[in-house]
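1. Pasted the sequence and its predicted model underneath.
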Amino acid sequence: MAMAEVAAIITAFLTSDWFFTLAAWIIGLLMGGIFLEVTYSDLLKRIFPLFLGSGPVVIIATIVCGIYLWTRGEYLTLVVLIALWFLCKVGAIITGIALAPLIYFMGKTCQNTHVESAFITLCNKKAHKLGIVLDWYLYENKTHVQ
């Protein structure tokens, strides 16, 4: 959604046309989805959601673009831009609420990831070399040695 928001703000600022703003938002949404599914780009991941599409940057850019559109008398484009911003925020909230049970379930069923398993293996090997026996279930059973 970050790519869609950035595309809509830039297009609204450059064209002051509500139709092109809406079209750019839809194209940005589709392109963001395609990039997410087809390829993993660390650069795009850092640029859009973490920098250009981050909350403070988007809200400031939307306000600046909104003031620009207001002074030019492009009220319909302003309403479309605000509606698209609102739609992105509501969509993010709904996605978060919808995915919360799945995230909770995955946390309960998938106890160790590959990274955690590798870390545990490395710790066990190092402890074995030092003659130490590690009890990984000590904290899971909530029994503490006093």
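-> Alright, I've got the coordinates.
2. Domain map for this structure?
-> 2-109, 112-146 (automatic domain parsing).
3. Residue 46 versus the most far-flung residue of the chain relative to its centre, what's the distance?
-> Distance from the C-alpha centroid of the chain peaks at residue 131, with 44.4 Å (Cα atoms, centre = their mean). Residue 131 is 44 Å from residue 46, where distance means Cβ to Cβ, to the nearest Å. Glycine gets a C-beta too; all of them are placed from N, C-alpha and C.
4. Over to residue 64?
-> 23 Å.
5. Residue 57: neighbour count?
-> By the criterion of other Cβ atoms under 10 Å, residue 57 has 16 neighbours.
6. same thing with residue 104?
-> 10.
7. Output the contacting helices and strands for the helix or strand harbouring it.
-> Counting by DSSP states H and E, the element that carries residue 104 is helix 75-109. Here helix 75-109 touches helix 2-15, helix 18-38, helix 55-72, going by 3 or more Cβ pairs under 8 Å, 6 or more residues apart in numbering; DSSP states H and E.
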